[in-house]
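Q: missing the sequence, but the structure's below:
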């Protein structure tokens, strides 16, 4: 979900970056860029001094057409503590207010201090988020104001022999493990099988509905964790033409750019003779250290075994890292130095720096290994340095892919892996401002500014745009561009695209029997904070309509749900481009059981889509 606000050049010079809980729109025909809801217009901070006595201020401006209530949260951790001069603010459209802050950092290091702001509706429900990030370097109890580039994009220790890979950390138990994801994760082999799922399979998702009259306390349907069998159901709408894609194969030759840039298209394996006398069976476990300073399993990463032969490095074998972080490789046993490399790269998306360089880590050199080699457990540090935040965006993408596999029956893969340029510190997404921002394009690219890594749902929101583009043959409805936010009314086309991407974050993460709000950027069950006149023009109401078609919780006129968890997004994607959410009224109405069609009408009225 693209949720950060623009930073003026003055703010950037002072080392602050800002973000706001509003979703990506489209500035041009092919780009989607981050809008503004609350803006940090002016900032001041001490440049250096005693780290236990830091002072500064920032100015917040309401850039929407509606009054905004802001609640400021106090930044506090084991290593720093700050206070703000005002914790609750009421801003009229165009109004500005200065917020002073003060506090201290009690440990040497590189620090990103987040001043979180919650936007509240008139009924107190969450209506958006905003973040002001301040960057400091602390040494010997003294602080110096800094910025993201100076702190985290400085040169790191690398291994130039294997494409300039980062060095790994030994998993010695000192980094506590994170809780397991609540989203069930398949094996990588199962995920890759989606490549063989024909695009026509989306038309086989059943559209039976449940609930109805007398279902104020509806029975929650049986939600199987196993991937459901898809059954053909006649469809009332005309099927759009879906493009065919060539079968994807692992690339064939490793190519490193001289500057240290990336494995681009792939690798060349050492030829294996059939008469090999012995084989090495290698295994290990790999994780990543996140912004929470916990270790997370590197699900969906790639592992490669390299061996140095005749003065050059050859790939001996490679495979996927599974959901529990474990991996296994098998290759001919020969003499020569061996290293294991770990790459954040998969068929769905490929994180990379602006020069196209992927993120890679390499383990220690082994002069020789046994026939049954245990490489042990290692960690990629994505909590700091040039890869700061990478683990979070990668994991969000894997959760979406997993959910689409287990419960959606939807193939999200484009012709080639989606390029995710992260961190984006230079591209303004074509709006001419010169300020780096986050955006998604119909060409299969996503740009992510650094702060988005720590915002729940940003990656899934952007990937949902890419899935939308793929199924709609990169077409977008008229008026789907321009600035927007969760509160105001804009064009029907913009509300449709952004509302769907907002909904997909909830679809991925939330239990469909609940009214989710905690951890998300707005209260999807009650967006009464949002514009409803004219109808069909606000993305929060569109997202709420999608959710009411999907959830099993009765609220208001909503006591219906489509049984199959992939039905609501599936019908949207397979229908082809439409101009607004109102155009999908007949799609869902005709697909529901005949005795439920008046409830579909109520859901669309309740969510300010139709009269």
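A: The structure has been received and is ready for your questions. What you see is a predicted model, and the numbers here were worked out from it, not measured in a lab.
Q: got the phi/psi numbers for the closest residue to residue 359 other than its chain neighbours?
A: Leaving aside its chain neighbours, residue 359 sits nearest to residue 344 (4.4 Å; criterion: C-beta to C-beta, 6 or more residues apart in numbering). To be clear about C-beta, it is placed using only N, CA and C from the backbone, and glycine gets the same treatment. Main-chain torsions, residue 344, degrees, to the nearest 10: phi -80, psi 90.
Q: Before we move on, what's the pLDDT of residue 344?
A: Looking at residue 344, its pLDDT is 98.
Q: need the contact list for it.
A: Contact partners of residue 344, counting by C-beta atoms under 8 Å, 6 or more residues apart in numbering, are 298, 301-302, 351, 358-360, 380, 390, 394.
Q: what does residue 348 give?
A: Going by C-beta under 8 Å, 6+ apart, residue 348 touches 397, 401, 412-413, 417-418, 463.
Q: Which ones among these lie within strands?
A: Those of these mapping onto strands are residue 418, per DSSP state E.
Q: Serialize the contacts of residue 344 to CSV and add fields for neighbour count.
A: Shown next, in CSV, are the contacts of residue 344 (neighbours: other C-beta atoms under 10 Å):
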residue, neighbour count
298, 30
301, 27
302, 22
351, 27
358, 18
359, 25
360, 24
380, 28
390, 25
394, 28
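Q: Can you list the helices and strands that the lengthiest strand in the chain packs against?
A: Longest strand of the chain, by residue count under DSSP E: strand 126-139. In terms of contacts (3 or more C-beta pairs under 8 Å, 6 or more residues apart in numbering; DSSP states H and E), strand 126-139 is packed against strand 16-20, strand 38-45, strand 54-62, strand 109-120, strand 142-145, helix 148-152.
Q: Just want the angle from that strand to strand 38-45.
A: Put simply, strand 126-139 runs at 20 degrees to strand 38-45, going by axes from the mean of the first three to the mean of the last three C-alpha atoms, to 10 degrees.
Q: In strand 126-139, which residues are buried?
A: Residues of strand 126-139 classed as buried by neighbour count (16 or more other C-beta atoms under 10 Å): 126-138.
Q: One more: stretch 416-423?
A: 417-423.
Q: Pairing partners for residue 133 in the sheet, please.
A: Counting by DSSP bridges, residue 133 forms beta bridges with residue 17, residue 114.
Q: That one contacts residue 451, doesn't it?
A: Yes: the pair residue 133 / residue 451 is scored as a contact, 5.5 Å apart, by C-beta atoms under 8 Å.
Q: what does the domain assignment say about the chain?
A: What automatic domain parsing lists as the domains of the chain is 9-152, 168-185+247-346+360-382.
Q: Now tabulate those domains in TSV and tack on distance to residue 200.
A: Formatted as TSV, these follow (distance: least, C-beta to C-beta, whole Å):
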stretch	distance to residue 200
domain 9-152	27
domain 168-185+247-346+360-382	16
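Q: Burial-wise, tell me which of the ones you listed comes out on top.
A: Looking across the domains of the chain with neighbours counted as mean count of other C-beta atoms under 10 Å, the highest average goes to domain 9-152: a mean of 19.
Q: Longest helix in the chain, by number of residues?
A: Looking across the chain with DSSP state H, the single longest helix is helix 492-509.
Q: just how off-centre is stretch 69-80 within its chain?
A: Distance of stretch 69-80 from the chain centroid (C-alpha atoms, centre = their mean, to the nearest Å) equals 23 Å.
Q: and if you look at stretch 429-443?
A: Per C-alpha atoms, centre = their mean, the centroid offset for stretch 429-443 relative to its chain is 17 Å.
Q: for stretch 93-113, same thing?
A: Here the centre of stretch 93-113 is set off from its chain's centre by 26 Å, with C-alpha atoms, centre = their mean.
Q: I'd like the mean pLDDT over that stretch, please.
A: Averaged across stretch 93-113, the pLDDT comes to 94.
Q: how far does it stretch from start to finish?
A: In stretch 93-113, first residue to last residue: 28 Å (C-alpha to C-alpha, to the nearest Å).
Q: Name the nearest residue to the spatially most central residue of the chain, ignoring sequence neighbours.
A: The centroid of the chain falls nearest to residue 459 when counting by C-alpha atoms, centre = their mean (1.4 Å). Closest residue to residue 459 apart from its sequence neighbours, by C-beta to C-beta, 6+ apart: residue 396 at 3.9 Å.
Q: any idea how far residue 279 is from that neighbour?
A: Plainly put, residue 396 is 37 Å away from residue 279 if you go by C-beta to C-beta, to the nearest Å.
Q: and if you look at residue 499?
A: Distance, residue 499 to residue 279, using C-beta to C-beta: 53 Å.
Q: The stretch 451-600 of the chain: strands as residue ranges?
A: Using DSSP state E, counting those that start in this stretch, the strands of the stretch 451-600 of the chain run over 560-562.
Q: circling back: which residues sit in contact with the residue nearest to the centre of the chain?
A: 392-393, 396-397, 400, 420, 448, 452.
Q: what about 10 Å?
A: 1-2, 349, 351, 392-400, 420, 422, 446, 448, 452-453, 505 (C-beta atoms under 10 Å, 6 or more residues apart in numbering).
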